[in-house]
Structure formats: structure tokens, C-alpha cells
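**Student:** when you get a sec, could you give me coordinates for this:
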Amino acid sequence: MASAALRPLCLCWALGAAAAAPNILLLLMDDMGWGDLGVFGEPSKETPNLDQMAAEGMLFLDFYAASPLCSPSYTPQDIVGGIPDSELLLPELLKKAGYTNKIIGKWHLGHRPQFHPLRHGFDQWFGSPNCHFGPYDSRERPNIPVYRDWEMLGRYYEDFKIDLKTGEANLTQLYLQEALDFISKQQASQQPFFLYWAIDATHAPVYASKQFLGTSQRGLYGDAVREIDDSIGKILKHLQQLGISENTFVFFTSDNGAALISAPKQGGSNGPFLCGKQTTFEGGMREPAIAWWPGHIPAGGVSHQLGSVMDLFSTSLSLAGLQPPSDRQIDGIDLLPVLLQGKIIDRPIFYYRGNELMAVRAGLYKAHYWTWSNSLEEHSKGIDFCPGQSVAGVTTHTQEEHTYLPLLFHLGRDPGEKYPLSFASEEYQRAVEHISGLLQQHRATLVPGQPQLNVCDQAVMEISSCLFISTSRQINSISNSICQEEEELLE
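**Tutor:** You can find the predicted model right below:
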């Protein structure tokens, strides 16, 4: 793989092998779209701090989520699966380099004891196992809990208020203060840290604190974005004031495209791209992305590197001076040559929806092997993943296969995927031949995984608790409500 060839170069990011490993701060937004930031063209220009972050760092224009959903392939409330022990998470590996790891916000990788983030490499947690849907008021469906480490502090809507009528909630301010306090303590301890800030204010039902309500031209969703922007500005300023900004790598992105089914009041913008969350069109998986590391990443950089959120795994390990695990196929690549030297690494992007590979991008060409927006039944009920963007033969409401004649788009000339190239053209034949070869190589290296999120047990819901048990044997119950989506994934 390309990452293997580049690894010796990437490990020389510092002046010497003995240089201290940098802190790593990953800012992962929830349902924020490519078009939600001023630097990406949002006309209200209400994200001055993120725009400044881009001016001081590197902007990625072609960065992708691994899935068009928050947590790949989840739906029912009574799911009992989650992240298996066989998977090595980034914080588990960073511990080998002496990192202290904290997650703030949404975990979303299982809510039973064995899936707790403190069992998978994190040292601290403030947040929730799931989304902030609700309110619920029954034994079978309790409100979703909020945790500090193993201790349940309370529940959304009860102890952590969210006013659905006004959209007022103070959660982003709580998450901000948690981040500032953790950074201060780690700076004082002189230990490197990994902070995963996964907040969900832009996931419907969107919320903002009182001082931001009514301040955006975009309504409540814009209020939430403005508060997030303000919070990130304060985090970056805090790093500078502590004198550790040049020793802290920060990366901002989102988990999937904006949820157009909730727009415009409860959802964001995917800019010029087709459709949104839950689809494998560009609007569903292309994300805003900014890298910031003063003194290392040249200011004002704009990269056309095809990137993926999976690359943050390999890149973070490289920053820590660690090698990726050798006992498994690693999908992500090390982006340090891109970040530090402006290089472009030739690699494809694979678009999955559930278990089905829907499309492949290589360079500026994207080939769709399957197309599907959502079912005609859902669409007839007003559930629309592509509102105002119907493209005949492309945004289909049945699962259409194009294996033998893929639909091909040139994303440079046609970023909105509206004009498929002619099957008879030489350009089509040349591009599809190249992409088909990449697809064959990809499938040859695939190792089938064991499904984790298709196991349901109604008894779990009936007792309304799965137990997180701490080392001190304190027992706390948690909710089994999982963020529900309006579709069934391809099987």
C-alpha cells in the first residue's frame, strides 16, 4: 500500500527521533455538512474561528466519512452489539506511547459493559453512549444517560435539559469546559494527550445555549453551528495561551453529510453536492475537514488529497511514533506527507452503504455501481434524502444495479453528479477500466467482518438497562435507546 512506502518519510516529521510526541485533538461533528462553514462558501459567513483555523492550517476539499451514517449499520433500539475486543482502537495503541486519552460527547459504539469506552483505551469520558433523542418516559424506553467515566450523572431531558420548543440546551458549554479543563491538567502533567471531542449539537433535534439562540441568519441550526465555532475558537486559543499549540495536532471534520431530511430548520448544507446523510452521493459522505498544527503545517494550505476519516488512525499513530498493527489490513493511509510537504498520495475512495459497495472514486472520476436514495414508500410519506435534487436515473427510489455499466461522473466538471458520462465515450471507457482494476484489488484484500450491530434482544429493552460496572463495583444502568434512522441498510 502507498502508506507502507511512505512510512519512513512520515516518521521524520520532527527535528529528531527523540522529539516529543505531539498531543492529538480530533474534533468530530455530528451531521455537519460540507457547506456549513464560511470557508467552504456558506453565504452567512458565521464561522470565523473555523475559517481562521483553515487560514492557519490546511483545508481538505476532498475528505470523506467512512459511512453515510453516524455509526455504521445501526438502527434498532434493542441492539445489543458494539465494538468487539478484536478491534484495536486508536486510544488503546496510543497508550503504548504514554498518552492519556479522553472522549467528550457521543460514544456510539455500544452501550453494554464490554463496549464501554474505558474498556477500549480511553482513560476518561464525559458524555453519552448514544444520541440525545427523547424525551422518553417509560420503563421500556428511558431517557438516555450521561456519564462521567463509569458513573451515571443523570439523563438527557431530566438532569441535562434540552428544550425542544426553543432548542435551548447548555450541553455544548459543558463539553467545552470539559475540554479546556482536560487540556489544562494534561499540560500541567507534561504528558501527551489524545482528546476526542465528539459533540452532537448539529444532530436533530439541534440545540444551542441561551446566549447563541436567535443569533444566526440560518435559524436554530445556525445557532448550533455558531456555538460550536465559538467553542473551537476558545479551545485553539487555550492551546496557544498554554504555549502548547505547536505541540498539538488538531483535526476538524464531521461524521457524515448534513441530514437533509431535517433541513432547513434542523439540518445543514452540503454545498453543491448531491443529496445528504444516509446516501453515498457526495452530499452524504464528503465532509468539511481542516488540519491545524502551527509551526508544522504551512498556513493557508488547500489540499485536493482524497482523504478519509479512517486516515486519522494511521496519521495519529505516525505522529506518536507508532507502527500500525501488522496483523490486519489497515484501510487508512498516513497523511503526514500531505500535511507537512503538500504531497498527493494516489489512492481510491470506496463508498459503502451497509455491506454494499455503492461507488468508487479515483482521481476526479466517480463510478456508481449501485444507486439508491431511499424507498418510494418512504418518499411518498415525505421522507426525502435529496430534497429538490431529483436526478433521473441517479437518485433512484429502488436499489438499482449498474455493475456492468457503472454510472460515471467527473467530479471536477460536475460536482453535483447530475451529468453521467456517455457509455460510448473514450473517456468513460478509460476511466471505468482503471476504476474496475482498483475495485478488483480492493475486493481481493477484503476480510469479512463479524456483524456486530444486527443482534437484537427485546429482553434488554424490557428491563430497560444494560449495566456498566466499574472497577469499584459501582453499578449504573444505561439506556438502550439508539439513534434511529428512517431507512434499512442494504443487506
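**Student:** residues contacting stretch 84-104, please?
**Tutor:** 21, 24, 83, 114, 117, 120-127, 175, 178-179, 182, 186, 189, 191-199, 312-313, 316-317, 320-322, 325, 328, 450, 452 (C-beta atoms under 8 Å, 6 or more residues apart in numbering). In this view, the C-beta of every residue, glycine as well, is placed from N, C-alpha and C.
**Student:** list the buried ones in it?
**Tutor:** Neighbour counts over stretch 84-104 (16 or more other C-beta atoms under 10 Å) mark Leu89, Leu90, Pro91, Leu93, Leu94, Lys95, Tyr99, Thr100, Asn101, Lys102, Ile103, Ile104 as buried.
**Student:** show me those residues that map onto strands.
**Tutor:** Using DSSP state E, Thr100, Asn101, Lys102, Ile103, Ile104 are the members of the buried residues of stretch 84-104 that sit in strands.
**Student:** neighbours around Gly382, how many?
**Tutor:** 8 (other C-beta atoms under 10 Å).
**Student:** does it sit in a helix, a strand or a coil?
**Tutor:** Secondary structure of Gly382, reduced to three states by DSSP: H, G, I helix; E, B strand; the rest coil: coil.
**Student:** so where's the stretch 1-150 of the chain shaky on pLDDT?
**Tutor:** Residue ranges of the stretch 1-150 of the chain with pLDDT under 70: 1-19, 71-79.
**Student:** hmm, 80 instead?
**Tutor:** 1-19, 70-80, 138-140 (pLDDT under 80).
**Student:** would you map the helices across it?
**Tutor:** 2-10, 48-56, 90-94 (DSSP state H, counting those that start in this stretch).
**Student:** can you show me the strands along the stretch 251-400 of the chain?
**Tutor:** All strands of the stretch 251-400 of the chain, identified by DSSP state E, counting those that start in this stretch, fall at 286-292, 301-303, 307-308, 349-353, 356-362, 365-368, 370-371, 400-401.
**Student:** of all the buried residues of stretch 84-104, which two lie farthest apart?
**Tutor:** Leu93 and Ile104 (19.8 Å; C-beta to C-beta).
**Student:** just to revisit the earlier point, of the contacts of stretch 84-104, buried ones?
**Tutor:** The buried subset of those - by 16+ other C-beta under 10 Å - is 21, 24, 83, 117, 120-127, 175, 178-179, 182, 186, 192-199, 312-313, 316-317, 320-322, 452.
**Student:** burial count for the closest residue to Ile83 other than its chain neighbours?
**Tutor:** Closest residue to Ile83 apart from its sequence neighbours, by C-beta to C-beta, 6 or more residues apart in numbering: Leu109 at 4.1 Å. Using other C-beta under 10 Å, Leu109 has 21 other residues around it.
**Student:** where's Leu109 relative to Ile144, distance?
**Tutor:** Counting by C-beta to C-beta, to the nearest Å, the separation of Leu109 from Ile144 is 15 Å.
**Student:** now Glu46
**Tutor:** 29 Å.
**Student:** more neighbours: which of those two?
**Tutor:** Between Glu46 and Ile144, counted using other C-beta under 10 Å, the more crowded position is Ile144 (25 against 20).
**Student:** so the more buried one sits against Met152, correct?
**Tutor:** No. Ile144 is beyond contact range of Met152, at 10.6 Å (criterion: C-beta atoms under 8 Å).
**Student:** separation between the most centrally placed residue in the chain and Ala66?
**Tutor:** For the chain, the residue nearest the mean C-alpha position is Asp255 (2.1 Å; C-alpha atoms, centre = their mean). In this view, Asp255 and Ala66 are 9 Å apart by C-beta to C-beta.
**Student:** identify the contacts common to these two.
**Tutor:** Common neighbours of Asp255 and Ala66 are listed as Val309 (criterion: C-beta under 8 Å, 6+ apart).
**Student:** tell me where the stretch 301-450 of the chain has helices.
**Tutor:** Under DSSP H, counting those that start in this stretch, the stretch 301-450 of the chain gives helices at 311-319, 336-341, 376-380, 426-445.
**Student:** need those helices in a markdown table (columns: distance to Ile235 and mean pLDDT).
**Tutor:** Formatted as a markdown table, the helices of the stretch 301-450 of the chain follow (distance: least, C-beta to C-beta, whole Å; pLDDT from 0 to 100):
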| stretch | distance to Ile235 | mean pLDDT |
| --- | --- | --- |
| helix 311-319 | 17 | 98 |
| helix 336-341 | 20 | 98 |
| helix 376-380 | 39 | 93 |
| helix 426-445 | 37 | 97 |
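**Student:** first vs last residue of stretch 109-122, how far apart are they?
**Tutor:** Taking C-alpha to C-alpha, to the nearest Å, stretch 109-122 runs 13 Å from one end to the other.
**Student:** what separates it from the chain centre, distance-wise?
**Tutor:** 18 Å (C-alpha atoms, centre = their mean, to the nearest Å).
**Student:** next one: stretch 319-328
**Tutor:** Taking C-alpha atoms, centre = their mean, one finds the center of stretch 319-328 at 21 Å from the center of the full chain.
**Student:** what of stretch 96-111?
**Tutor:** For stretch 96-111, the distance to the chain centre is 14 Å (C-alpha atoms, centre = their mean).
**Student:** now stretch 135-151
**Tutor:** For stretch 135-151, the distance to the chain centre is 24 Å (C-alpha atoms, centre = their mean).
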